[in-house]
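Participant: coords please:
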Amino acid sequence: MKSLAGTAVIGIGNEFRRDDGVGWATIALLCAREARRPLPSGTELARSDGDPGRLMTLWEDKALTLVIDACFPPAAQPGRAHRWCAAPGEMPHPAAAGRQSTHGLGLAEALRLADSLGRGPGRLIVYAVEGADRSLGAGLTPAVAAALPDLARRIEEDVRTHGERTRRTGFEPGSPPV
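Facilitator: A predicted model of the protein is given here:
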């Protein structure tokens with residue numbers, strides 16, 4: 001079994017589809033905040049369009065992976081963030097047929113593919129942020145933009161708390177979830 005180390009924080013989205021850019025905007029905010037308060041050594045911040053191959057490359061060999069992506073439920077409360085911490089071997093349910101997405105495959109499909117190839121992330125935490133607008137255009141809606149500082153703070157806490165626990169305990173796949 002290979003050793004896992006470090007943390008990947010991945011913002012998924014498309015900055016030219018309004019609130020679908022929340023993952024990228026969160027990474028930009030985390031980069032700006034890191035200048036004042038650095039994240040633990042071995043933490044990588046990355047933006048992704050959600051392509052499964054690129055996601056696998058970003059989280060491969062990482063002990064902890066945090067993913068930020070937009071979601072658009074029928075009765076959305078723009079800016080509300082949902083935190084999901086996967087148990088070992090647990091996979092999110094794929095989106096329903098006919099869903100509307102700005103990227104081809106969703107995170108659930110990418111995780112299932114990665115798992116079947118033995119290239120899944122170590123410990124996984126997902127933040128899904130409810131959006132209001134995924135039309136063409138740049139810039140987040142006001143409610144989603146207003147949620148970014150708290151979201152960034154929560155992610156920084158996860159990186160510091162769970163990343164440190166992962167380094168201390170030598171997490172390997174199959175360990176209990178956080």
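Participant: use CA for all of it now, contacts and neighbours both
Facilitator: Will do.
Participant: Dead centre of the protein: give me the residue that sits there.
Facilitator: Nearest residue to the geometric centre of the chain (CA atoms, centre = their mean): V67, 0.8 Å.
Participant: Need the mean per-residue confidence for stretch 34-51.
Facilitator: For stretch 34-51, mean pLDDT rounds to 94.
Participant: now the end-to-end length of that stretch.
Facilitator: 26 Å (CA to CA, to the nearest Å).
Participant: List of residues touching it?
Facilitator: The contact list for stretch 34-51 (CA atoms under 8 Å, 6 or more residues apart in numbering) reads 5-14, 23-24, 27, 30-31, 54-55, 58, 103-107, 110, 156, 159-160, 163.
Participant: Tell me the buried residues in stretch 34-49?
Facilitator: Within stretch 34-49, the residues that count as buried by 16 or more other CA atoms under 10 Å are L39, T43, E44, L45, A46, R47, S48, D49.
Participant: What residues are recorded as beta-bridge partners of the second one?
Facilitator: The reference is to T43. T7 (DSSP bridges).
Participant: That one and P74, how far apart?
Facilitator: In this view, T43 and P74 are 34 Å apart by CA to CA.
Participant: Am I right that G21 is in contact with L140?
Facilitator: Yes: between G21 and L140 there is a contact at 7.0 Å, judged by CA atoms under 8 Å.
Participant: quick one: low-confidence parts of this structure?
Facilitator: Across the chain, the ranges flagged by pLDDT under 70 are 1-2, 87-105, 163-178.
Participant: try it again with 90
Facilitator: Low-confidence segments of the chain (pLDDT under 90): 1-4, 35, 86-122, 162-178.
Participant: the strands in it, which residues?
Facilitator: With strands called from DSSP state E, the chain shows them at 7-12, 43-48, 64-71, 81-85, 123-130.
Participant: returning to that earlier point: now the buried members of the contacts of stretch 34-51.
Facilitator: Here, 16+ other CA under 10 Å leaves 5-14, 23-24, 27, 30-31, 55, 58, 106-107, 110, 156, 159-160, 163 buried among the contacts of stretch 34-51.
Participant: Show me the residues you listed that map onto helices.
Facilitator: Using DSSP state H, the subset of these located in helices is 23-24, 27, 30-31, 55, 58, 107, 110, 156, 159-160, 163.
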